[in-house]
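**Q** Structure for the following, please:
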Amino acid sequence: MPICKDIIKHRVIRFKDKSGDTAARARVLLSAVQGISKARQSRPNQVSIHYDIRELNLQMIEQALADVGFELDDSVFCKVKRGLIAYCEDTLRESLNINQQESTAPKLNETAHSTGDPRPYNWRNYT
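**A** Just a heads-up that it's a prediction; the model follows:
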């Protein structure tokens, strides 16, 4: 029996880029992911999300964003917070008998929302 019954998590994902474009693009991609019930841009470089811990954890979501070219905030504060959240969520998922090896990160399809350029977003400005 899990100690924590809070299976819907609310987290904020922070990006390096301070322009509103990055968070807006991430919000569009994340709102299409199964397991994420709500995604909204809270600041120009932040996205607030609600997700079901039985389907996803924050590490999976952030890894999926990094895989398609988003750069997350890498300040010391964010790294420590990420580590603490990862430990807590992994422990909760284990107490819920969720097999970590069978869980996979969501696949984000950024090209579906792009201009048709096959290059990752962060390489599109280079010629």
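
**Q** Spell out the secondary structure type for the closest residue to Lys38 other than its chain neighbours.
**A** Closest residue to Lys38 apart from its sequence neighbours, by Cβ to Cβ, 6 or more residues apart in numbering: His50 at 4.2 Å. C-betas here are computed from N, CA, C, even on glycine. With DSSP: H, G, I helix; E, B strand; the rest coil as the basis, the three-state label of His50 is strand.

**Q** hang on, His50 packs against Ser37?
**A** Yes. Counting by Cβ atoms under 8 Å, His50 touches Ser37, with 4.8 Å between them.

**Q** In the chain, mark out all the helices, start to finish.
**A** 20-31, 58-67, 76-95 (DSSP state H).

**Q** between His50 and Ser37, what contacts are shared?
**A** Ile8 (Cβ atoms under 8 Å, 6 or more residues apart in numbering).

**Q** now Gln59, nearest residue through space, not along the chain?
**A** Ala86 (5.1 Å).

**Q** Surely the one you found touches Met60?
**A** No. Using Cβ under 8 Å, Ala86 makes no contact with Met60, being 10.1 Å away.

**Q** the more surrounded of these two?
**A** Met60 (18 against 14; other Cβ atoms under 10 Å).

**Q** Just the pLDDT at the more buried one, thanks.
**A** Listed pLDDT for Met60 reads 92.

**Q** What's the local residue count around Lys38?
**A** By other Cβ under 10 Å, 13 other residues sit near Lys38.

**Q** measure it to Val80 for me?
**A** For Lys38, the distance to Val80 (Cβ to Cβ, to the nearest Å) stands at 26 Å.
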